[in-house]
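[1] got a sequence here, can you build the structure:
(one chain, ligands or ions: 1)
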Amino acid sequence: MSRAGYDAIVIGAGSVGCPSAYFLAREGLKVLVLDGERAPGQGQNKAAIGGVRATHSDPAKIALCLESIRIFSTWQEEHGSDIGWIEGGYCFPIYRSEDETALRALLPLQKSYGLEIDWAPPEEIRRLVPGINPEGLRGGTFSPRDGQVSPLKAAAAFWKEARARGAEFRFSEPVTGLLLRGGRIEGVETMRGRYYAPVVLNAAGAEAREVGSMAGIEIPVTPDSHEGGISAPMERFFDPLIVDIRPGPEGRTANFYFGQNDRGQVIFCYTPIEPIVGTNRSETSEFMPVIARRLIELIPRLRNMLIRRVWRGCYPMTPDGIIILDRVREAEGLYLAVGMCGQGFMLGPGVGLNMARLIAGGEPAIAPEVFESVGFYRDYDARRAEALK
Ligand SMILES: Cc1cc2nc3c(=O)[nH]c(=O)nc-3n(C[C@H](O)[C@H](O)[C@H](O)COP(=O)(O)OP(=O)(O)OC[C@H]3O[C@@H](n4cnc5c(N)ncnc54)[C@H](O)[C@@H]3O)c2cc1C
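    Prediction:
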């Protein structure tokens with residue numbers, strides 16, 4: 001332990017902060033985690049529907065999510081606690097020729113990163129998703145190693161295992177300031193006092209920008225809100241997470257995605273075409289009618305589904321849709337694991353493992369050049385332009 005009290009302080013006990021604390025403690029560091037909420041995973045983590053896939057097009061997301069899947073899928077065996085892991089795969093059913101061309105074009109790249117993913121003919125998609133609308137179905141992609149996990153169970157599991165390795169958690173105690181001296185981080189300040197450590201990890205999710213400003217740095221993370229919902233439990237009839245990438249006929253939604261969780265509940269959300277920037281988390285009257293129409297059009301048998309609850313949460317967005325993992329040059333000892341966008345839950349364990357390796361050993365676990373591609377000092381506009389090509 002450092003003279004300062006702790007070896008590392010993690011700001012935020014969310015999708016990223018909880019696994020980061022666990023892996024830092026596993027590296028032998030004395031860790032303190034601070035969060036303004038009253039329990040682990042109560043920020044955006046609990047808004048996630050729990051989809052976990054490595055089938056992306058960005059190499060860093062692929063490498064980090066492969067780590068996450070390895071950690072999630074072996075968690076129960078290794079630690080005994082059930083986090084709701086279902087290896088049901090991800091399925092993108094396709095109805096439009098342009099979508100087929102785009103997804104088929106991605107397959108060689110995805111396979112070159114070792115992903116198990118392929119094009120499936122319509123009859124295979126109908127087997128995977130019983131009752132799916134067959135009209136115009138061209139087939140789709142299926143990646144059998146992806147899956148889903150319960151975000152609340154996962155946050156609690158990482159919290160418990162981190163504590164078992166000596167990490168301390170302080171809830172209802174937001175960080176209000178960063179302590180800096182001569183360009184070095186010395187710790188953090190809260191309403192209750194000061195805590196000292198030579199390393200501070202900003203894992204503050206949608207509030208990452210505010211935490212950055214405490215050190216005088218501008219972190220380009222802007223929250224934009226997305227709604228989700230969940231049904232009453234029903235008999236399991238499909239295993240994959242399903243993503244329909246067509247824009248909605250109502251003109252307001254881009255893709256929508258859903259799955260059936262470990263309790264048989266269908267859990268769903270959509271991506272609005274126009275981002276709803278801000279932190280308002282009240283549900284809207286528009287969400288349910290829009291998504292119900294989309295769900296029933298895709299799987300008509302869902303028309304009798306009983307809805308339990310809807311909610312709204314934030315994606316901590318970056319200008320180019322790529323996450324930020326780095327050391328801060330202007331404040332030695334300050335690290336960033338922020339800007340998780342719509343995939344922070346699935347990225348969390350892979351990010352936590354890599355940040356812990358970087359902090360404790362100076363090197364990430366994934367290839368350094370891949371890790372550098374998600375650095376803080378990149379050209380966000382150029383990356384955005386590249387992604388839109
Ligand atoms: C409807 C919906 C569905 C989603 N579905 C998925 C999905 O299927 N799969 C997926 O991977 N992702 C999904 N996401 C995205 C996912 O929820 C986020 O990307 C992820 O939770 C972000 O993780 P994080 O650790 O950065 O933030 P959080 O989990 O929000 O953790 C940040 C924590 O920092 C704390 N904090 C903030 N400021 C301070 C401070 N000053 N001091 C102390 N603590 C502070 C917060 O209280 C919070 O607990 C979904 C999001 C929404 C809204």
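[2] neighbours around the residue of the chain found nearest the ligand, how many?
    Ranking the residues of the chain by distance to the ligand (Cβ to the nearest ligand atom) places G14 first, at 1.8 Å. C-beta: built from backbone N, CA, C; applies to glycine. When neighbours are defined as other Cβ atoms under 10 Å, G14 has 32 of them.
[3] need the three-state assignment for it.
    On the three-state scheme (DSSP: H, G, I helix; E, B strand; the rest coil), G14 is labelled coil.
[4] would you map the helices across the stretch 101-250 of the chain?
    Shown for the stretch 101-250 of the chain, the helices assigned by DSSP state H, counting those that start in this stretch span residues 122-128, 151-164, 208-213.
[5] would you turn those into a markdown table with mean pLDDT, distance to V199 and mean neighbour count?
    What follows is the helices of the stretch 101-250 of the chain, written out as a markdown table (pLDDT from 0 to 100; distance: least, Cβ to Cβ, whole Å; neighbours: other Cβ atoms under 10 Å):
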| stretch | mean pLDDT | distance to V199 | mean neighbour count |
| --- | --- | --- | --- |
| helix 122-128 | 98 | 45 | 16 |
| helix 151-164 | 98 | 15 | 22 |
| helix 208-213 | 98 | 14 | 21 |
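[6] right, and T318 touches G342 too?
    No - under the criterion of Cβ atoms under 8 Å, T318 is not in contact with G342, lying 11.2 Å apart.
[7] can you give me phi and psi for D35?
    Per-residue torsions, D35: phi -150, psi 140 (degrees, to the nearest 10).
[8] for the stretch 51-200 of the chain, give me the ranges with low pLDDT.
    Screening the stretch 51-200 of the chain residue by residue with the criterion pLDDT under 70, one finds no matching range.
[9] how about the residues of it near the ligand?
    Contact residues of the stretch 51-200 of the chain with respect to the ligand, defined by Cβ under 6 Å from any ligand atom, are listed as 51, 174-175.
[10] for the helices of the stretch 101-250 of the chain, which one sits closest to G350?
    Using Cβ to Cβ as the measure, helix 151-164 is the one of these that comes nearest G350, at 12.8 Å.
[11] the closest one - contacts with which helices or strands?
    Taking 3 or more Cβ pairs under 8 Å, 6 or more residues apart in numbering; DSSP states H and E as the contact definition, the neighbouring helices and strands of helix 151-164 are helix 17-26, helix 59-79, strand 168-170, helix 344-361.
[12] would JSON lines of those with mean neighbour count be doable?
    Below are the helices and strands packed on helix 151-164 laid out as JSON lines (neighbours: other Cβ atoms under 10 Å):
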{"stretch": "helix 17-26", "mean neighbour count": "29"}
{"stretch": "helix 59-79", "mean neighbour count": "20"}
{"stretch": "strand 168-170", "mean neighbour count": "17"}
{"stretch": "helix 344-361", "mean neighbour count": "25"}
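[13] doesn't N202 make contact with L336?
    Yes - using Cβ under 8 Å, L336 is in contact with N202, at 5.1 Å.
[14] show me which of the two is the more surrounded one.
    Ranked by neighbour count (other Cβ under 10 Å), L336 and N202 place N202 first, with 31 against 25.
[15] what's near enough to touch D262?
    D262 makes contacts with 82, 84-86, 148, 150, as judged by Cβ atoms under 8 Å, 6 or more residues apart in numbering.
[16] what's the most distant pair in those?
    Spatial extent of those (Cβ to Cβ) is set by the pair D82 and Q148 at 13.1 Å.
[17] give me the more crowded residue out of those two.
    When D82 and Q148 are compared on other Cβ under 10 Å, the one with more neighbours turns out to be Q148, at 29 against 12.
[18] my guess is the more buried one contacts I86, does it?
    Yes - under the criterion of Cβ under 8 Å, Q148 makes contact with I86 at 5.2 Å.
[19] can you list residues touching both of those two?
    261-262.
[20] centroid residue for the chain?
    Note on the chain: the residue nearest the mean C-alpha position is G344, at 1.7 Å, using Cα atoms, centre = their mean.
[21] my read is that it contacts A48, right?
    Yes - proximity of G344 to A48 meets the contact threshold set by Cβ under 8 Å, at 7.3 Å.
[22] and for these two, which residues touch both?
    Counting by Cβ under 8 Å, 6+ apart, the residues touching both G344 and A48 are S15.
[23] what packs against the one helix or strand L336 maps to?
    Using DSSP states H and E, L336 sits in strand 334-338. Packed against strand 334-338 by the contact rule (3+ Cβ pairs under 8 Å, 6+ apart) you find strand 200-202, helix 208-213, strand 324-327, helix 344-361.
[24] at 6 Å instead, please
    For strand 334-338, the elements it packs on are strand 200-202, strand 324-327, judged by 3 or more Cβ pairs under 6 Å, 6 or more residues apart in numbering; DSSP states H and E.
[25] buried deepest among these, which one?
    Stretch with highest mean neighbour count among the helices and strands packed on strand 334-338: strand 200-202 (a mean of 30; mean count of other Cβ atoms under 10 Å).
[26] so where's the stretch 251-389 of the chain uncertain?
    Residues of the stretch 251-389 of the chain meeting the criterion pLDDT under 70: 388-389.
[27] the ligand contacts on that one?
    Within the stretch 251-389 of the chain, the positions lying close to the ligand (Cβ under 6 Å from any ligand atom) are 269, 313-316, 340, 342-346.
[28] ok, the residue lying closest to R165 once chain neighbours are set aside - contacts?
    The shortest distance from R165 to any residue that is not its chain neighbour, by Cβ to Cβ, 6 or more residues apart in numbering, is 3.7 Å, and that residue is A25. When contacts are counted by Cβ atoms under 6 Å, 6 or more residues apart in numbering, A25 is found next to 31, 162, 165-167.
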